[in-house]
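> below are the sequence and a predicted model for it; my questions follow.
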Amino acid sequence: MTEKPGQELLTVEIARPRPYRWSTGKYLGRLYKEAMENKRLVTNRCPKCKELLWPPQAVCGRCKVEAGEDWVAMSDKGTVIQYTYLVFPLWDPHYGEKLANPHPTATIKLDGGVYMVHFLEEKDPQKLKEGMRVQAVWKEKQEERGRGLGDILYFRTIEE
């Protein structure tokens, strides 16, 4: 089609959904299912060294043996080991907008011994400290869950 002089062209973008499904596998799938249905974190244990494997895995990285089916329900409480509080905005490289999540990121040692990186609810830098006790705050509605660790909104400070 050739453009005539003075003719204004109209561009219409049509966003089409691209639904897809993928398998998370036997081990990670169990973590996702427990998080979605029961608001619970689970992992498996190595039959040889008895270490918890986080996230759940088919093979123990230390012993190089098949991990097996020894599932353990973990606590959603833990201790902040370190945190990162940003004092400047982050920009989304895809859209050029400020990132929507204002929560500090922390490394949390869950009761039971595994480490997890997630967000903290507390935003006041004066109240943030290493060693503070936290507990996961889960999405309430089951239909909103199904994203594994994304089902946890953030970790809230608790007093014990």
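Perfect, thanks for sending it. Residues are numbered from 1 along each chain as shown.
> which strand in the chain runs the most residues?
The residue-count maximum for a strand in the chain (DSSP state E) belongs to strand 77-84.
> how far does it sit from the chain's center?
15 Å (Cα atoms, centre = their mean, to the nearest Å).
> now swap in stretch 9-16 and tell me
Remark: stretch 9-16 is offset 35 Å from the chain centroid, using Cα atoms, centre = their mean.
> dump that stretch to CSV, restricted to CA.
In CSV, the C-alpha atoms belonging to stretch 9-16 read as follows (Å, rounded to 0.1, in the frame of the first residue of the first chain):
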residue,chain,number,x,y,z
LEU,A,9,-2.1,6.7,8.9
LEU,A,10,-3.6,5.3,12.0
THR,A,11,-1.7,2.6,14.0
VAL,A,12,-3.7,0.2,16.1
GLU,A,13,-1.8,-2.1,18.5
ILE,A,14,-3.6,-5.3,19.5
ALA,A,15,-2.2,-7.0,22.6
ARG,A,16,-2.9,-10.7,22.4
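> that stretch: which residues count as buried?
Within stretch 9-16, no residue qualifies as buried by neighbour count (16 or more other Cβ atoms under 10 Å). In this view, the C-beta of every residue, glycine as well, is placed from N, C-alpha and C.
> cool, and stretch 114-124?
V114, M116, H118, F119, L120, E122.
> the last one: which element?
What it means is E122. Applying DSSP states H and E as the criterion places E122 outside every helix and strand.
> ok, it touching I158?
No - E122 is beyond contact range of I158, at 11.0 Å (criterion: Cβ atoms under 8 Å).
> what's K26 sitting at in phi/psi?
Recorded main-chain torsions at K26 are phi -60, psi -40, according to degrees, to the nearest 10.
> the helices in the protein, which residues?
In the chain, helices defined by DSSP state H lie at 25-38, listed in chain order.
> mind listing the strands for it?
Counting by DSSP E, one finds strands in the chain at the ranges 41-45, 52-53, 71-74, 77-84, 105-110, 115-119, 133-138, 152-157.
> highest mean neighbour count out of those?
strand 41-45 (a mean of 21; mean count of other Cβ atoms under 10 Å).
> send the alpha carbons of it over as CSV?
The C-alpha trace of strand 41-45 is given here as CSV (Å, rounded to 0.1, in the frame of the first residue of the first chain):
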residue,chain,number,x,y,z
LEU,A,41,6.8,-23.7,53.1
VAL,A,42,8.1,-27.2,52.5
THR,A,43,11.4,-28.7,51.5
ASN,A,44,13.1,-32.1,51.3
ARG,A,45,16.0,-33.6,53.2
